[in-house]
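Colleague: Just a sequence and a predicted model for now, questions to come.
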Amino acid sequence: MSHPDIDRLYAQLRSGQSSATLRRVPITAADAVIVSAVLQAAPRILRVSFIGCDITAAILDALLPGLRACPALSYLNLDGNPIGDEGLALLATWLATNPKLERLGLKHCGIARAGIVRLLAAFPANTVLQALAFDANAVPRGALRAVMHAVAVNTIAAAATRLRQEHHRRNHILELVGTPLRPSSAGAVVAAMQCAAPGTRVLSLTDCEVSGNVLRALVTALAADPPCALSCLRLNGNTLDETDAGLLGAWLATDPPVTDICLENCGLSGLGVDCLLATFPANTRLCSMSLVGNAVPTHLLRSLHRAICRNQIASHCQRLQSDDPTLTDIGLDGWTRRAGQEFFDAIGPHLRCATRLTKLSIADSELSASGVARLLANLAHNRSLLEVWLDRNPVGDEALSHLVEWLAANPPLRCLRITNCGIDAGAIIWLLAGLASNTNLTLICLDDVTLPRATREPLFQRAGVACFRQECARVIAGERLWELSTRHVSPYLRHVRVGDDAARLLGQALAVAKAVTSVVLDSGGISDEGLHSVVAGLQTNFTVKTLILRNNTITDVGAAVLASWLATNPPLESLDLIGCPIGPAGLQHISAALETCTNLKSILCEQLFSSTIVRRDISLKLAHNRMMACASLAVSHVDQDGRAPMHLLVEAAGRVGGPDVFFMMVARGHRLLVRNKLGDTPLHCAARSNLFLCAAMLQHCPPRK
């Protein structure tokens, strides 16, 4: 009774948890009575496990009243307990009342044939139990098969009910694993699939002894009128001979709607695959077949892949012709090697009118330069394709000239992959020429080409500018982006020099942006003229709070333009001008603008450290803005460290002074006796860092009498 694991079990049951587990802790009869009483007071319990707890039939009899009282109990695990046939008879009596128990574990429980007979007697009344584990028990094979068949009947009935209720779903799956079926059960499985709503129907029967008469009954039920609209059939782990393969082949020859068949680890030989191959002239829908784990000769596999590829290409052609809205991605990887060039040419004309296709992958397909030319001729009129993958094709430099002509027409393509295609680094110059008039391409993958620095940087630079311009165009079109940046993610290029032309487009985007909060123009190659365009767009923007202009050729003229915008008090909070050649005159313009700019709280510019007077003036005004932000909320409220705005003022005043800000905060009602977590008032902090501010505080406080 005092074992900590048993005490933990009691705590789990009393706390209202949905599961309770006890492992390798002996339970006595007295413990069983207490556990049963606690179970009766735990209506929410769903899963109970007593694993290796030395539960005998007598102890189980004491536990059963509590188990019966759990209305939602669906899982019971009694593995490793010597309940024997007598205990199984007690469980059978309970199961005959048809409780909600769905899974029952009875491994290593000393069960023999007598207990199985009692359990079988409960199944005509029990329709809920769907999983039963009998491993490591001395149960005859015939009796075990009878029990598993009874469990399978319940599983199929439950699946039919579930499929009938799930009308809102598009994918419907009925899966049985390790459940031996009978011919009558095979018909029930198909009847359950007929209950599913229209959509993708998947029937998976793994290790279910589907062969011979069972397979014949299954195929007959699938071909019955009306036929079952099955999309995928998985018979993995079932031993199939040539006769069984012939049954499947005869059914496939009727051209059923199934598009995917899995026959993995089924013991198929070359004769069985020959039976399947004989059906393909008549079958036009099967697009995938998996034969992993079967001793099939290589030449038969190639013939099978070739036949399946014909169906795949015909299916894609039909969907492209009908403008299927779900067909946005086509993968033709390895198809020309399997199906022949003539079948690939059949799909080419349909690419012209494809309005929803966004990605086309033709990797590892032995595509030559002439094949690329025919492909690009079909894609010349396509305005929806965004990605093209041509990896591992021996196209060579000749194909690159066709790509250049296509890219020069500025298609909407954003990504082009041509890795391991036998392209020489010298031929990349042609590609750069084609990108001169292209504004859409943002990513080119040339992983196997070692580009010299003189060729690599212009290539990525051009792609980066196109990406930046495209982001601006997306903002102008109304898309909500949070940041516009010139920082590049490629390891070959850290920053994109967009120049003044792209800055003008950026200004147009900022004028209509509704969500952009950060503009990063780090090393963007922007001069005073480009900055004027950006500021013109910011005049009507009220969302940008961070502006980074570091390492650009912005002089005092640009600083004056910035100052004129800052004087209007925009919502900008942070400004970065590091690396910009701004002189003292430009800093004076910015300092004057801060007289009316109350939102800006941070300016980064190394020129501030060269002029003490200007630095002190700008820093004091920025500190004033930061304190005002605190004071506008609640001047006496403290943060998580107990610091009030006055404590923050003292920290800033240690660097920039601040008696004028102190008097303003006192006028707004700030209390001087607020203490932080260390117990210090603002006066204590001022005495340690700024005697001028300390004197102002003492001057304000009335002397004690």
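Modeller: It's in.

Colleague: residues in contact with the closest residue to His168 other than its chain neighbours?
Modeller: Among residues not flanking His168 along the chain, Ala197 sits closest, at 8.0 Å (C-beta to C-beta, 6 or more residues apart in numbering). (Glycine included, C-beta is placed from N, CA and C.) Under the criterion of C-beta atoms under 8 Å, 6 or more residues apart in numbering, the contact list for Ala197 reads Leu163, Glu166, His167, His168, Arg169, His172.

Colleague: And for Ala363?
Modeller: Residues in contact with Ala363, defined by C-beta under 8 Å, 6+ apart, are Asp333, Gly334, Trp389, Leu390, Asp391, Arg392, Asn393, Arg417.

Colleague: List phi and psi for it.
Modeller: Note on Ala363: its backbone torsions stand at phi -80, psi 150 [degrees, to the nearest 10].

Colleague: Leaving out chain neighbours, which residue sits closest to it?
Modeller: Closest to Ala363 by C-beta to C-beta, 6+ apart is Asp391, at 4.2 Å.

Colleague: I'd guessed that neighbour sits against Cys421; true?
Modeller: Yes: distance between Asp391 and Cys421: 7.2 Å, which falls inside the contact criterion (C-beta atoms under 8 Å).

Colleague: more neighbours, those two?
Modeller: Cys421 (22 against 18; other C-beta atoms under 10 Å).

Colleague: pLDDT below threshold where in the stretch 151-300 of the chain?
Modeller: Within the stretch 151-300 of the chain, the ranges that satisfy pLDDT under 70 run 167.

Colleague: Which two among the contacts of Ala363 are spaced furthest apart?
Modeller: With C-beta to C-beta as the measure, no two of the contacts of Ala363 lie farther apart than Gly334 and Arg417, at 15.5 Å.

Colleague: higher neighbour count, the two?
Modeller: In this view Gly334 and Arg417 are compared by other C-beta under 10 Å, and Arg417 has more residues nearby, 19 against 16.

Colleague: need the contact list for the more buried one.
Modeller: By C-beta under 8 Å, 6+ apart, the contact list for Arg417 reads Ala363, Glu387, Val388, Trp389, Leu390, Asp391, Ile444, Cys445.

Colleague: circling back to that earlier point, for the residue nearest to Ala363, list the residues it contacts.
Modeller: Contact partners of Asp391, counting by C-beta under 8 Å, 6+ apart, are Ala363, Asp364, Arg417, Ile418, Thr419, Asn420, Cys421, Cys445.

Colleague: Wait, the fifth one touches Ile444, no?
Modeller: No: with contact defined as C-beta under 8 Å, Thr419 and Ile444 do not form a contacting pair (10.0 Å).

Colleague: that older thread, quick one: which of the contacts of Ala363 is nearest to Ser303?
Modeller: Nearest to Ser303 among the contacts of Ala363: Gly334, at 15.2 Å, using C-beta to C-beta.

Colleague: quick revisit: identify those among the contacts of Asp391 that sit within strands.
Modeller: Counting by DSSP state E, the members of the contacts of Asp391 that fall within strands are Arg417, Cys445.

Colleague: Redo the contacts of Asp391 as a markdown table? Include distance to Glu595 and pLDDT.
Modeller: A markdown table is the format used below for the contacts of Asp391 (distance: C-beta to C-beta, whole Å; pLDDT from 0 to 100):
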| residue | distance to Glu595 | pLDDT |
| --- | --- | --- |
| Ala363 | 62 | 83 |
| Asp364 | 66 | 81 |
| Arg417 | 55 | 85 |
| Ile418 | 57 | 83 |
| Thr419 | 58 | 81 |
| Asn420 | 62 | 81 |
| Cys421 | 62 | 80 |
| Cys445 | 53 | 75 |
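
Colleague: For the residue most central in space within the chain, which non-adjacent residue is spatially closest?
Modeller: With the centre of the chain defined as its mean C-alpha position, the nearest residue by C-alpha atoms, centre = their mean is Asp329, 17.8 Å away. Ranked by C-beta to C-beta, 6+ apart and with sequence neighbours excluded, the top spatial neighbour of Asp329 is Lys359, at 4.4 Å.

Colleague: Give the bridge partners for the one you found, please.
Modeller: Assessed by DSSP bridges, Lys359 has beta-bridge partners Asp329, Glu387.
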